[in-house]
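> predicted coordinates and the sequence they were generated for:
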Amino acid sequence: MLRRIRKRGSLRFKLLAATLLLLPQARVYAQQNTLDVDILYLEQRIEHPPVLSNLVSWPEDEGEQGANLAIEDNNTTGRFLGQNYTLESVIFEPDEPAKTRGERIRAELAKGARLVVANLPASVLHSMASLPEAADDLLFNAQSMDGGLRNKQCQANVLHTIPSRAMLSDGLVQFFYKRKWQKVFLIEGNTEKDKAFADALRRSITKFNLDLVESRTWIEDADMRRTASTEVPVFTQARDYDVVVVADEDQDFSQYILYNTWLPRPVAGSAGLTPVVWSPVIEQWGAAQLQSRFRKLAQRDMTSRDYSNWAAVRSIGEAVTRTESLSPADIRRYVLSDEFELAGFKGAPLSFRSWNGQMRQSVQLVHPKAVVATAPIEGFLHPLTELDTLGLDEPESLCENFRQP
């Protein structure tokens with residue numbers, strides 16, 4: 001028996017020694033056969049309007065830092081596979097003339113087939129994807145939640161790693177349905193973004209057969225810092241409702257609605273219980289490790305837009321690893337196939353819908369200190385995947401261009 005143990009130990013030692021001898025050779029081979037993956041990052045800085053609270057702010061590098069973290073993650077694996085990932089960043093200031101911005105975009109796209117992560121408004125993204133120079137590119141939308149980009153205005157060369165507003169509102173209203181909050185009071189802000197979110201909420205309320213008992217537009221000139229306790233009760237006065245949902249994407253007034261409503265009811269939407277792509281309070285499924293690495297890199301918490309950019313760059317990394325190709329066409333084909341899965345620290349693998357390019361992912365319902373629930377909520381079933389209960393499903397889709405090669 002002792003001899004057998006010694007023989008086994010000797011064999012293991014020989015295998016370990018052989019492996020250690022081969023590692024330097026593998027590194028040399030990888031260096032000699034390096035696949036350089038250059039990802040173009042385009043961002044138009046967002047000029048947020050002034051809001052009532054001095055505590056509301058947005059990081060200037062929101063989005064870009066998520067992409068930077070994903071580049072690090074891709075290179076961690078890429079070192080052993082002979083892959084080298086770089087991010088070429090092109091940033092546009094809010095006041096940059098449209099003509100100048102357009103010329104810079106065309107110049108970048110004219111360099112050849114590109115893999116592009118786009119942090120651009122819906123109109124700019126749609127125009128860019130229509131350019132002849134973008135015909136052989138693959139664009140990842142990591143900023144715009146506009147529903148039209150995934151529906152009638154969908155384009156074959158655009159994928160979406162950020163959810164649509166319809167996905168966020170569906171996740172929130174599923175929770176209302178589960179908690180039997182049937183009567184909804186909707187408050188809509190005054191910006192175009194607020195109107196888009198409010199429209200998504202109305203669609204979700206109808207979709208899940210709830211009752212919209214009141215729908216009111218916010219008083220634009222109200223100063224909630226001094227008068228919230230008197231004005232909000234009057235504004236939310238109604239016979240009955242189970243929940244107040246607020247569409248206020250710039251967080252101008254929504255935080256003043258909590259605890260000031262006419263009836264003592266929960267507040268959701270842009271304040272209170274909020275549907276998000278990502279939040280610092282997410283800690284399950286290995287998310288705490290991702291949060292920690294991001295804080296070390298950016299010296300701040302990871303936002304939803306950071307996460308969407310991280311998911312875009314990581315999707316490229318996963319596809320390049322599996323296909324061993326830099327071709328945008330090959331990468332598009334792979335990420336839209338049933339073979340593609342991305343571990344996204346959200347409880348279920350991330351994938352893309354083949355009919356409009358939207359990334360499937362859960363929606364987290366959070367308040368500032370904890371996760372309350374993860375949508376899709378248990379009990380909402382789907383023949384393919386419960387994740388497709390969030391947002392437009394294939395039978396509802398008016399996207400006709402996406403299936404084109």
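Happy to help now that I have it. Since the model is a prediction, treat every value here as computed from it, not as a measurement. Residues are numbered from 1 along each chain as shown.
> so how far is residue 137 from residue 232?
Distance, residue 232 to residue 137, using Cβ to Cβ, to the nearest Å: 48 Å. C-beta coordinates here come from the backbone N, C-alpha and C atoms, glycine included.
> OK, contacts around residue 152?
Under the criterion of Cβ atoms under 8 Å, 6 or more residues apart in numbering, the neighbours of residue 152 are 398, 399.
> confidence score at it?
Residue 152 carries a pLDDT score of 94 in this model.
> likewise residue 229?
Per-residue confidence (pLDDT) for residue 229: 79.
> what does residue 158 give?
The model reports residue 158 with a pLDDT of 98.
> next one: phi and psi at residue 331?
phi -70, psi -40 (degrees, to the nearest 10).
> tally of neighbours for it?
By other Cβ atoms under 10 Å, 22 other residues sit near residue 331.
> test my guess that it contacts residue 316.
Yes. Residue 331 is within contact range of residue 316, at 6.6 Å (criterion: Cβ atoms under 8 Å).
> residues shared between the contacts of those two?
Shared contacts of residue 331 and residue 316 (Cβ under 8 Å, 6+ apart): residue 115.
> show me where the chain has helices.
Here the chain has its helices, by DSSP state H, at 2-32, 64-81, 98-109, 122-129, 165-178, 192-207, 224-235, 287-298, 304-323, 328-335.
> buried ones in the second one?
To tie it back to what came earlier, the one meant is helix 64-81. 64, 65, 66, 67, 68, 69, 70, 71, 73, 74, 78 (16 or more other Cβ atoms under 10 Å).
> can you add pLDDT and distance to residue 391 and give the residues you listed back as JSON lines?
Formatted as JSON lines, these follow (pLDDT from 0 to 100; distance: Cβ to Cβ, whole Å):
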{"residue": "64", "pLDDT": "96", "distance to residue 391": "26"}
{"residue": "65", "pLDDT": "97", "distance to residue 391": "26"}
{"residue": "66", "pLDDT": "98", "distance to residue 391": "21"}
{"residue": "67", "pLDDT": "98", "distance to residue 391": "24"}
{"residue": "68", "pLDDT": "98", "distance to residue 391": "28"}
{"residue": "69", "pLDDT": "98", "distance to residue 391": "26"}
{"residue": "70", "pLDDT": "98", "distance to residue 391": "23"}
{"residue": "71", "pLDDT": "98", "distance to residue 391": "28"}
{"residue": "73", "pLDDT": "97", "distance to residue 391": "27"}
{"residue": "74", "pLDDT": "98", "distance to residue 391": "28"}
{"residue": "78", "pLDDT": "94", "distance to residue 391": "32"}
